[in-house]
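J.: got a structure for you, letters missing:
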Ligand code: SF4
Ligand code: SF4
């Protein structure tokens, strides 16, 4: 209980008097106290999951190249077996829409789940706070250290912390750049001082951003910079799970001895230890109700549950609950039932439709491209044999990493024949990886087999290896004389 | 440059831009001087329709960022052309950047071009890589008229046969690309004679290439062909020095048959191929020449 006595000194309410303040004020440093508990564990699970992914993936290999590489110079994006080109930008839009919808859905169901557990800002802040705690100690120790005179202890701890922070930040920067520039060449290049100017810049930039945001800006990012925080309230409703203080149970709050019992002297269950305030990374008091600063990290739940435990009271004075649930004293089950409300169902439906659509279209995405450009200056002409001829410029691109052969078939008009005058007689054979070729194709039709005008035809290009076929529409023009 | 950067508008734009920045700075200074009474419930006394404004002062770093943004804006306007007709301190413009990039790229590929430029056209035409470069230039610039397959169409010569209006030697082709050509056939009907004479001459012309014709009319037209012979030669074999087409082959640039020929005799023809030397470097024209020359050498 020593913790509780100590921290009761901290004032959390504004003194009852008028003060004159400017519209600007330097942000107070928040000394978040460390917590342990179920939500804390979950956050660390997510920290490990996201960071193992982030730091690990660039080192994976696939088919003799980096598994995930965004090669900006060659304008080619490799994601394991998939290769994207600038013309596949539509998939990026898809991905962004799906992500946005997922965010809507999660927010509607359980508020700022993303903020509390997965957001890089939270994750890196968690890692940086962990380092800070290991080096400078927990809340009170850190406050004392900051207040103390500069001495050897302070210098050592502070520089150790800076070293850890900066190293971690730079490693993050290197990893980030490693997604764009092969990391297995990048890392040795750093040690040989062979780094290019842009790489150096981005490593430092990203490293600095990590260091600054996770080390110093912390809750300021969530409160002032993050756009999601600005509009997430639009996705909340009365049935959204949020971190809530059970006011009916807790108030009136007041300190008491452990022996006094839960509701002694007409008090509520809150013993006013203010630990929930001390652990809050954004420095708010959840007992004042739902506030925009609350990132839904659950730290206060863990902390208060701990206090309740020690006091011998039931847990859940602060808990994930819904506004309606709290008002109507619903059970968990009754609240879960509200999951099937239209808002959630609609989000889920759209999200699954889009996700399925994206996966299916990715699966069927042909790995070559065909553009058909019909010669426009001359509509049609007669060959010496008296056939009607139209000319097309086929731009064929092999988007795979292997050499491929293709076959062309033209459909839509019977009797049409394909004539290819250049490209050494093997116009569609032996496309090297990523090779693009312009093949000029003349289509010939015997005179008189069809009426004058424009006729729909299709160029069907088949990849011999994968049997994928692309069908491109064009027209064949038959002159009227 | 256009009207947009002349007269009133540049001043208008500059005033708005600089005035906007000045306004932002002023607002910042003004707002930082305001003092508010903070009530005990941490509101600042402002109330609208029952909604009270909380006292949530902006953090100082935000003010710092604001000032940095203003400084950045001013520095940008000083360095780059953003204020009316002002060109920026160092004249950094997109056009110059583009030109610099083009120059840099040209420098990079210069050795490749130099290698081909030093070889005769006939040799270059044998190298597939060189042909590919030539082909790409052709597709992007020449195909609009001559067709992607270079076989032309009515009015646009076929480049893949061995019939050349001005001659098919590499140097001639290069000259054609560089300077362009202007093929002129004047209207000749008056010089030929009556309408009947024109028809006879047309049949004679058809007979030269063994096309379907009226041999009686052809015989009658032979004499009148003399006026045409000045350009097309007494035997109708054409004259490459002035680009007069050969009439004895079966290649008809402006259409086949009696009617088409009569039309040409009446109206003449002014056929223009533009000059390309302004657009391409000599090395590019060399490669293009090799590609075109190679088309008919299969
Ligand atoms: S809500 Fe819980 S943690 Fe917060 S002051 Fe009350 S008892 Fe302490
Ligand atoms: S109020 Fe609780 S859940 Fe919200 S940010 Fe603070 S500690 Fe996290």
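T.: In hand now; what should we look at? Just so it is clear, the structure is predicted and the values come from calculations on it, not from any experiment. Ligands and ions are numbered 1, 2, ... in the order given.
J.: buried set for stretch A:243-263?
T.: A:243, A:244, A:245, A:246, A:249, A:250, A:253, A:256 (16 or more other Cβ atoms under 10 Å in any protein chain shown). C-beta: built from backbone N, CA, C; applies to glycine.
J.: now tabulate those residues in CSV and tack on distance to ligand 2 and secondary structure.
T.: Below are the buried residues of stretch A:243-263 laid out as CSV (distance: Cβ to the nearest ligand atom, whole Å; DSSP: H, G, I helix; E, B strand; the rest coil):
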residue, distance to ligand 2, secondary structure
A:243, 4, strand
A:244, 9, strand
A:245, 9, strand
A:246, 13, coil
A:249, 17, helix
A:250, 14, helix
A:253, 16, coil
A:256, 23, coil
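J.: biggest separation within the residues you listed, which pair?
T.: A:243 and A:256 (24.7 Å; Cβ to Cβ).
J.: dump the buried residues of stretch A:243-263 to a markdown table, plus distance to residue A:76 and pLDDT.
T.: Converted to a markdown table, the buried residues of stretch A:243-263 look like this (distance: Cβ to Cβ, whole Å; pLDDT from 0 to 100):
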| residue | distance to residue A:76 | pLDDT |
| --- | --- | --- |
| A:243 | 44 | 94 |
| A:244 | 49 | 93 |
| A:245 | 52 | 94 |
| A:246 | 55 | 92 |
| A:249 | 59 | 91 |
| A:250 | 58 | 89 |
| A:253 | 61 | 90 |
| A:256 | 67 | 86 |
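J.: where in chain B is pLDDT low?
T.: B:1-6, B:298 (pLDDT under 70).
J.: for stretch A:288-304, which positions count as buried?
T.: Buried-residue list, stretch A:288-304, by 16+ other Cβ under 10 Å: A:290, A:293-304.
J.: phi first, then psi, for residue A:386.
T.: phi 80, psi 20 (degrees, to the nearest 10).
J.: farthest residue from the center of chain B?
T.: Relative to the C-alpha centroid of chain B, counting by Cα atoms, centre = their mean, residue B:40 is the outermost residue, at 73.3 Å.
J.: distance check, that residue against residue B:150.
T.: 88 Å (Cβ to Cβ, to the nearest Å).
J.: repeat for residue B:287
T.: For residue B:287 relative to residue B:150 (Cβ to Cβ), the value is 15 Å.
J.: same question, residue A:80
T.: Residue A:80 is 44 Å from residue B:150, by Cβ to Cβ.
J.: more neighbours: which of those two?
T.: residue B:150 (26 against 11; other Cβ atoms under 10 Å in any protein chain shown).
J.: ok, the more buried one touching residue B:295?
T.: Yes - between residue B:150 and residue B:295 there is a contact under Cβ atoms under 8 Å: 5.3 Å.
J.: quick check: neighbours shared by the two?
T.: Common contacts of residue B:150 and residue B:295 (Cβ atoms under 8 Å, 6 or more residues apart in numbering or on different chains): B:159, B:160.
J.: so which residues of the stretch 351-481 of chain A form strands?
T.: A:368-374, A:381-382, A:388-398, A:406-411, A:417-420, A:436-445, A:453-463, A:469-478 (DSSP state E, counting those that start in this stretch).
J.: which among those strands is found nearest to ligand 1?
T.: strand A:368-374 (60.8 Å; Cβ to the nearest ligand atom).
J.: got the angle for that closest one vs strand A:469-478?
T.: 10 degrees (axes from the mean of the first three to the mean of the last three Cα atoms, to 10 degrees).
J.: not counting strand A:368-374 itself, show me its contacts.
T.: A:85, A:87, A:390-400, A:404, A:406, A:431, A:459, A:461, A:463, A:468, A:470, A:472-475, B:148.
J.: which neighbours in the sheet does it have, and how are they oriented?
T.: Next to strand A:368-374 in the sheet, as set by DSSP bridges, lie strand A:388-398 (antiparallel).
J.: pull out the buried residues from the partner strand.
T.: Per 16+ other Cβ under 10 Å, strand A:388-398 contains these buried residues: A:388, A:389, A:390, A:391, A:392, A:393, A:394, A:396, A:397, A:398.
J.: the first one bridge partners, please.
T.: So the one you mean is residue A:388. residue A:382, residue A:445.
J.: my guess is it contacts residue A:478. True?
T.: Yes - if you go by Cβ under 8 Å, residue A:388 and residue A:478 touch, sitting 5.7 Å apart.
J.: shared neighbours of the two, which are they?
T.: With Cβ under 8 Å, 6+ apart as the test, residue A:388 and residue A:478 both reach A:380, A:445.
J.: just give the nearest non-adjacent residue to the closest residue to chain B within chain A, would you?
T.: Nearest to chain B in chain A, going by Cβ to the nearest Cβ, is residue A:378, at a distance of 3.3 Å. Residue nearest to residue A:378 in three dimensions, not counting chain neighbours: residue B:153, with 3.3 Å by Cβ to Cβ, 6 or more residues apart in numbering or on different chains.
J.: give me the phi and psi angles of the one you found.
T.: phi -160, psi -170.
J.: ditto for residue A:35
T.: According to degrees, to the nearest 10, residue A:35 has phi -130, psi 170.
J.: what of residue A:380?
T.: phi -160, psi 160.
J.: per-residue pLDDT, it?
T.: pLDDT, residue A:380: 85.
J.: what do you get for residue A:87?
T.: 86.
J.: now swap in residue A:196 and tell me
T.: So residue A:196 comes in at 84 (pLDDT).
J.: state the phi and psi torsions of it.
T.: The phi/psi pair for residue A:196 (degrees, to the nearest 10) is phi -70, psi 160.
J.: whichever residue of the stretch 101-250 of chain B sits closest to ligand 2 and chain A: what is the separation?
T.: At 49.5 Å from ligand 2, residue B:101 is the closest residue in the stretch 101-250 of chain B, using Cβ to the nearest ligand atom. Residue B:101 sits 15 Å away from chain A, going by Cβ to the nearest Cβ, to the nearest Å.
J.: one step back: out of the buried residues of stretch A:288-304, which are inside helices?
T.: A:299, A:300, A:301, A:302, A:303, A:304 (DSSP state H).
J.: and of those, the nearest to residue B:232?
T.: residue A:299 (97.1 Å).
J.: where does that closest one land on pLDDT?
T.: In this prediction residue A:299 is given a pLDDT of 94.
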